[in-house]
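**Student:** I'll drop the sequence and a predicted model, then ask my questions.
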Amino acid sequence: MQLTDKKIYFASDQHLGAPTAEESFPREQKFVAWLDEVKGDAAAIFLLGDLFDFWFEYKTVVPRGFVRVLGKLAEIRDSGIPIYFFVGNHDLWMTDYFAKELNIPVFHDNQEYEFNGKTFLIGHGDGKGPGDKGYKRMKKVFVHPFSKWLYRWLHPDIGVRLAQHLSVKNKLISGDADVKFLGEDKEWLVQYAKRKLETKHYNYFIFGHRHLPMKISVGPDSEYVNLGDWIGYFTYGVFDGQTFELKKFER
């Protein structure tokens with residue numbers, strides 16, 4: 001993709017629905033306002049996971065709520081602006097609802113892109129890098145087809161309530177890490193980026209998951225960027241064709 005007067009926008013970790021639908025509603029409104037603002041000069045929008053604090057698609061049912069953000073995404077996509085969605089650890093059970101209803105492709109792992117000659121590796125970031133072995137084992141159980149088939153037999157009222165409880169209470173299941181900066185040598189995604197550079201060069205590694213906005217040099221002309229979140233920071237990334245910036249939505 002070549003950019004001229006357009007920009008590419010990135011956001012992650014809105015966790016809509018947490019801790020309750022009522023408490024997350026102002027955040028949903030703020031995120032919709034951001035989408036409304038960036039659509040004016042967006043060449044594409046990347047959503048890097050955990051848009052919802054929980055999401056599970058039964059064959060004929062999806063979680064209640066979120067109509068404003070879903071409607072805004074549909075409006076933007078219908079206008080011709082590409083949107084790309086990467087599942088996070090809270091919405092990893094997403095399947096084809098976004099693709100069929102909104103024409104938004106859904107990715108379950110990192111993807112490579114090139115914009116204006118700059119190379120990007122993009123993903124949510126959960127389960128990458130060294131450590132976090134407990135979550136990695138748990139994720140293998142969650143994404144196994146048998147686990148999803150078994151969970152589908154729960155009535156949605158029970159299944160959604162159970163998942164919401166576990167999402168908040170069980171950090172092993174949620175995969176949420178300590179939100180304090182751990183230092184470059186202990187930040188798993190920083191180490192992951194440095195290891196990837198041993199075999200291939202990327203100008204930017206763009207991830208979410210850590211809930212901390214940060215930009216860290218990981219090699220010559222290579223940066224690791226974490227997008228932060230829409231709970232306490234309200235930060236997002238923007239690439240104008242030359243440089244990548246982290247910004248805060250103030251409205």
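**Tutor:** Arrived safely.
**Student:** going forward, measure contacts and count neighbours with C-alpha atoms only.
**Tutor:** OK.
**Student:** can you give me the strands for the stretch 51-200 of the chain?
**Tutor:** 83-86, 106-107, 111-115, 118-122 (DSSP state E, counting those that start in this stretch).
**Student:** would you verify that Val32 is located in a helix?
**Tutor:** Yes. Assigned with DSSP: H, G, I helix; E, B strand; the rest coil, Val32 falls within a helix.
**Student:** so it touches Val69, yeah?
**Tutor:** Yes. The pair Val32 / Val69 is scored as a contact, 5.7 Å apart, by CA atoms under 8 Å.
**Student:** still on that earlier bit, between the strands of the stretch 51-200 of the chain, which one is closest to Val62.
**Tutor:** Set against Val62 and scored by CA to CA, these come closest in strand 106-107, at 15.8 Å.
**Student:** report how many residues lie close to Pro19.
**Tutor:** 14 (other CA atoms under 10 Å).
**Student:** just the strands of the stretch 51-200 of the chain: most buried one?
**Tutor:** When you average the neighbours per residue for each of those (mean count of other CA atoms under 10 Å), strand 83-86 leads with a mean of 22.
**Student:** could you point out which element follows that one?
**Tutor:** Once strand 83-86 ends, the next helix or strand along the chain (criterion: DSSP states H and E) is helix 97.
**Student:** would you mind pulling up the elements that that following helix packs against?
**Tutor:** Judged by 3 or more CA pairs under 8 Å, 6 or more residues apart in numbering; DSSP states H and E, helix 97 is in contact with no other helix or strand.
**Student:** if you average pLDDT over that helix, what comes out?
**Tutor:** The average pLDDT within helix 97 is 92.
**Student:** any chance you could list what contacts it?
**Tutor:** Glu57 (CA atoms under 8 Å, 6 or more residues apart in numbering).
**Student:** tell me the gap between it and the middle of its chain.
**Tutor:** Chain-centre distance of helix 97: 16 Å, with CA atoms, centre = their mean, to the nearest Å.
**Student:** one more: stretch 24-38?
**Tutor:** 15 Å.
**Student:** state the mean pLDDT of that stretch.
**Tutor:** Here the average pLDDT along stretch 24-38 is 96.
**Student:** contacts for that stretch?
**Tutor:** 9, 14, 16-18, 66, 68-69, 72-73, 230-231, 249, 251.
**Student:** pull the CA atoms of it into PDB?
**Tutor:** Taking only C-alpha atoms (Å, rounded to 0.1, in the frame of the first residue of the first chain), the coordinates of stretch 24-38 have been written out as PDB:
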ATOM      1  CA  SER A  24     -17.700   0.500  29.700                       C
ATOM      2  CA  PHE A  25     -20.400   2.500  27.800                       C
ATOM      3  CA  PRO A  26     -18.600   5.900  28.000                       C
ATOM      4  CA  ARG A  27     -15.400   4.200  26.600                       C
ATOM      5  CA  GLU A  28     -17.400   2.800  23.700                       C
ATOM      6  CA  GLN A  29     -18.800   6.200  23.000                       C
ATOM      7  CA  LYS A  30     -15.200   7.700  23.100                       C
ATOM      8  CA  PHE A  31     -13.900   5.000  20.800                       C
ATOM      9  CA  VAL A  32     -16.700   5.500  18.300                       C
ATOM     10  CA  ALA A  33     -15.900   9.300  18.400                       C
ATOM     11  CA  TRP A  34     -12.300   8.400  17.500                       C
ATOM     12  CA  LEU A  35     -13.400   6.200  14.600                       C
ATOM     13  CA  ASP A  36     -15.600   9.000  13.400                       C
ATOM     14  CA  GLU A  37     -12.600  11.400  13.500                       C
ATOM     15  CA  VAL A  38     -10.000   9.200  11.800                       C
END
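**Student:** that stretch: which residues count as buried?
**Tutor:** Going by neighbour count (16 or more other CA atoms under 10 Å), the buried part of stretch 24-38 is 24-25, 27-28, 30-32, 34-35, 38.
**Student:** how about the helices in this protein?
**Tutor:** 21-38, 67-78, 97, 133-143, 145-152, 156-169, 171-174, 188-196 (DSSP state H).
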